[in-house]
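In: what's the 3D shape of this:
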Amino acid sequence: MARSLDGLVLAPVADQAPGQVGTRTRFTYHEKDGEIWAEYEGGDVVRGHLVGTRAGDRLDFRYVQLKHDGTTSSGHCVSTVVELADGRVRLEESWAWESQPGSGTSVVEQVTVHDS
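Out: From the prediction side, this is the model:
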C-alpha cells in the first residue's frame, strides 16, 4: 500500500470546467484507520469537503462544495493512489456529479512547499 495521505496537500494538474476545481484548488487530506477526509478551497471553490474510505490504493468518497456564486454541488469519486518516482503522491480519479449532470476523470498530485 502506498504511504498515508494524512497531512498531504494535493492540487489538480489541469483545470476542469468553469465552476469546478482547478489548478488553484488545494486539497488537504487526512487519513486514519481506513477513513479518508479532506478540506479543499481555491479557484471557483469557496469551501469543499470530501469523506470516504481507503482500501489498499483505492479511495472511494463523496464530495460537496460551495462555489463563489453561492451554489452548492456534490458527487462521488473513486481514486487510485500512485506513488511517483520523486516520492510524491498522485491520485488518478474518476468522478461523477450527483447533484447535476456530468462526469469525468482528473489527476491531482502532491504539492511541495515551493509549489503552493
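
In: can we go C-alpha only for contacts and neighbour counts from here?
Out: Fine.

In: what residues are up against residue 9?
Out: By C-alpha atoms under 8 Å, 6 or more residues apart in numbering, the contact set of residue 9 is 26, 27, 28, 29, 110, 111, 112.

In: what's the closest non-adjacent residue to it?
Out: If you skip the residues right next to it in sequence, residue 9 has residue 28 as its closest partner in space, 4.6 Å away by C-alpha to C-alpha, 6 or more residues apart in numbering.

In: my read: that neighbour touches residue 41, true?
Out: No. Counting by C-alpha atoms under 8 Å, residue 28 does not reach residue 41; the two are 9.2 Å apart.

In: For whichever helix or strand residue 46 is part of, C-alpha coordinates in CSV please.
Out: Residue 46 is located in strand 45-55, with elements delineated by DSSP states H and E. Taking only C-alpha atoms (Å, rounded to 0.1, in the frame of the first residue of the first chain), the coordinates of strand 45-55 have been written out as CSV:
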residue,chain,number,x,y,z
VAL,A,45,-14.5,26.8,-4.8
VAL,A,46,-15.0,28.7,-1.6
ARG,A,47,-15.1,25.6,0.6
GLY,A,48,-15.3,21.9,-0.1
HIS,A,49,-15.3,18.6,1.9
LEU,A,50,-14.8,15.0,1.0
VAL,A,51,-15.2,11.9,3.1
GLY,A,52,-14.8,8.2,2.4
THR,A,53,-12.7,5.1,2.7
ARG,A,54,-9.4,3.7,1.6
ALA,A,55,-8.8,0.0,0.8
